[in-house]
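Asks: Build me a model:
(one chain, ligands or ions: 9)
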Amino acid sequence: MPRAKATAAAGARVVLAAAAALLVVFAAAGQPARAQLFSPGPLSKAHASLEGMGNCVRCHGEGARHDNARCLDCHTEIRTRKDAGRGYHARLGAQTCAECHAEHRGVAASIVEFKPSQRAFDHRLTGWLLEGTHKKNDCKSCHEPRLVDADDARRLLAEGRATFLGLTTVCARCHFDEHRKQVGERCERCHTSTDFAKAPLFKHDKMSSYPLTGKNAKVECKKCHGSLTDDVTPAQIFPGPQSRTYAQFKDIPHGNCLDCHDDAHNGAFGRNCTQCHTTQDWRTILKATSTSASTTRRASRCEACTPMSTARSATGRSPVRRHNSRA
Ligand code: HEC
Ligand code: HEC
Ligand code: HEC
Ligand code: HEC
Ligand code: HEC
Ligand code: HEC
Ligand code: HEC
Ligand code: HEC
Ligand code: HEC
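Replies: Ligands and ions are numbered 1, 2, ... in the order given. Okay, the predicted model is just below:
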């Protein structure tokens, strides 16, 4: 095998040398059809415009070898990525382009071959592993023109070429920000690519301004996070939202228990509920502290705080459903 190849290559060099010599003659004589005599076969559809003796040197250099640098002179979209160390081709070793992109096999022959197949392409080779749901996606769901940002790739698309270039790995580029800018665009702080309905990486205590303690930590999310409606986002936007409604994650007053709880005492003990209460249980009353001694003493005499009102407080500042333990 290697011997046969070497012989073929040596033969090819002779042919090319002859072609180069004849080039001058035939070019002058205006007989481009002769080119086929020296070429091992017609070029692919993609390079069909490069047929002809005058164009051999666009791909073949000194000594007839096909030359990576010449391919890259045209394919600047690959060159800039290789130079920047980005993308699939930048991760290849010192191979020749021809090892993967055969030529002269006819107009119909494909010069791009995915191994083992396009569907089974190991996406890690691009520098971005497909995980979770992404693994099951159609290539086209992501490699879709509207998600292409890079200017050079957009130009290729405009010229009618299908390309895998030009995407970014930024979640928010391909997914509508369901939270409408409330929590920033770095989705990966809270989500993985498995299922948006869950936010496995979100930790309420560390990542919000309101650590949940005691009974509050056992409350259903939606009791504190009401639903808002988006009337602004245009319907035809791409990528589009999953839903018109979304959870309120910001501007939820929470400086005081009263922001969410009714005052069972109708203002009798002021606004500083934590003087006597914790989030563990309304019934467990804190021992008197120096600052709160007198009020606590008053409260501990049952008559001081009767009647225990269940009237709804009227601060009207919280969008969260008002309630108390008996409501
Ligand atoms: C678009 C680029 C391109 C153009 C233009 C082109 N070739 Fe090639 N040529 C190649 C590639 C790539 C190979 C290697 C193919 C392979 O290994 O399957 C090749 C291989 C060859 C070979 C076999 C020797 C070898 O190096 O493997 C000969 C002979 C050859 N070309 C001659 C020509 C001649 C003559 C012309 C002009 C009429 C020409 N080629 C134009 C890309 C080109
Ligand atoms: C003179 C400029 C030029 C040179 C030199 C050139 N190409 Fe191309 N190549 C093109 C153009 C233009 C296209 C896009 C054609 C189209 O969209 O149909 C293309 C397309 C391709 C494609 C994509 C084909 C497809 O089906 O999607 C590959 C792969 C490719 N070239 C590899 C090479 C390699 C390897 C070399 C060197 C051996 C080379 N090219 C040399 C201009 C060039
Ligand atoms: C979930 C979205 C997604 C899916 C699905 C996806 N890709 Fe990609 N692909 C990307 C992103 C994002 C990049 C850019 C990675 C980078 O530059 O870091 C990329 C890059 C590539 C590249 C590298 C282009 C280059 O030359 O640098 C190839 C090739 C590719 N994908 C092929 C495929 C194939 C084949 C499939 C289907 C089997 C597929 N992709 C499915 C998002 C996706
Ligand atoms: C190890 C095999 C391999 C080598 C070596 C290789 N390529 Fe590729 N090339 C591929 C595969 C697979 C694709 C299809 C995925 C893609 O488009 O990025 C591709 C795609 C391309 C494309 C089309 C990119 C697009 O999506 O628009 C061009 C142009 C190209 N290669 C040029 C080159 C050039 C120039 C060289 C040499 C510097 C080269 N390739 C070396 C495997 C290879
Ligand atoms: C290049 C585009 C692209 C990028 C980048 C991307 N995705 Fe996706 N993702 C898709 C497409 C397309 C789908 C399938 C269609 C859909 O459900 O939106 C999908 C599906 C998903 C799904 C499953 C669908 C669902 O609603 O549960 C999750 C979860 C997901 N992506 C999370 C992420 C996260 C997290 C990131 C960032 C780390 C990310 N994606 C980056 C394109 C992308
Ligand atoms: C600070 C954490 C955080 C960030 C950042 C974040 N999310 Fe979420 N996301 C959540 C939580 C929490 C839920 C609700 C999950 C639950 O109920 O357990 C959610 C739910 C979703 C849902 C499901 C629909 C819904 O309203 O329940 C989608 C889709 C979604 N997020 C997309 C995104 C996208 C896209 C980004 C980035 C632009 C993003 N998220 C950023 C925390 C976050
Ligand atoms: C007892 C009330 C309460 C409960 C229950 C609650 N939260 Fe919160 N959450 C808050 C408050 C208050 C904030 C802070 C809002 C603000 O900053 O204006 C907040 C903030 C958040 C944020 C925004 C984080 C950021 O980046 O600022 C997310 C996301 C969130 N909560 C998700 C959840 C999820 C998921 C659950 C259910 C597992 C949940 N919350 C249960 C009260 C609650
Ligand atoms: C951001 C809103 C919010 C804040 C602030 C808040 N809570 Fe709650 N809390 C709730 C919600 C919602 C429930 C669940 C009530 C239900 O299930 O009806 C709850 C439940 C409780 C419960 C369990 C008994 C009950 O009433 O259902 C206690 C005890 C409690 N909170 C104490 C406190 C105390 C003490 C403070 C102040 C230190 C406080 N909470 C601040 C929203 C809040
Ligand atoms: C001076 C101490 C004191 C202060 C301050 C105080 N409470 Fe109380 N609270 C009590 C006592 C005592 C009880 C009765 C406990 C029992 O029934 O065992 C009580 C009971 C409650 C109950 C349970 C009512 C029921 O029907 O079981 C709620 C709810 C409550 N308080 C809310 C609040 C809120 C909200 C604040 C802040 C505005 C507040 N409290 C401030 C002492 C206090």
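
Asks: Which parts of the stretch 201-327 of the chain are helices?
Replies: 204-207, 221-224, 293-300 (DSSP state H, counting those that start in this stretch).

Asks: where among those helices is the average confidence lowest?
Replies: With a mean of 48, helix 293-300 has the lowest mean pLDDT of these.

Asks: and the residue in the stretch 101-250 of the chain that ligand 9 sits nearest to, what is it in contact with?
Replies: Closest residue of the stretch 101-250 of the chain to ligand 9, CB to the nearest ligand atom: residue 215 (11.1 Å). C-beta: built from backbone N, CA, C; applies to glycine. By CB atoms under 8 Å, 6 or more residues apart in numbering, the residues touching residue 215 are 279, 280, 281.

Asks: just the buried members of these?
Replies: The neighbour count (16 or more other CB atoms under 10 Å) marks residue 279 as buried among those.

Asks: Which of the contacts of residue 215 sits closest to ligand 4?
Replies: The nearest one, if we look at the contacts of residue 215 relative to ligand 4 and count by CB to the nearest ligand atom, is residue 279, at 55.3 Å.

Asks: The stretch 151-300 of the chain against ligand 3: which residues are in contact?
Replies: Within the stretch 151-300 of the chain, the positions lying close to ligand 3 (CB under 6 Å from any ligand atom) are 164, 165, 167, 169.

Asks: since we're on the nearest residue to the first one once chain neighbours are set aside, how many residues are nearby?
Replies: By that I understand residue 164. Nearest non-adjacent residue to residue 164, counting by CB to CB, 6 or more residues apart in numbering: residue 143, 5.6 Å away. Applying other CB atoms under 10 Å, we find 16 residues neighbouring residue 143.

Asks: Burial check on residue 56, number of neighbours?
Replies: Other residues within reach of residue 56, judged by other CB under 10 Å, total 20.

Asks: what secondary structure does it sit in?
Replies: Under DSSP: H, G, I helix; E, B strand; the rest coil, residue 56 falls in the helix class.

Asks: do you know how far residue 132 is from residue 232?
Replies: Per CB to CB, to the nearest Å, residue 132 is found 30 Å from residue 232.

Asks: higher neighbour count, the two?
Replies: Legend: neighbour count by other CB under 10 Å for residue 132 and residue 232, higher for residue 132 (12 against 6).
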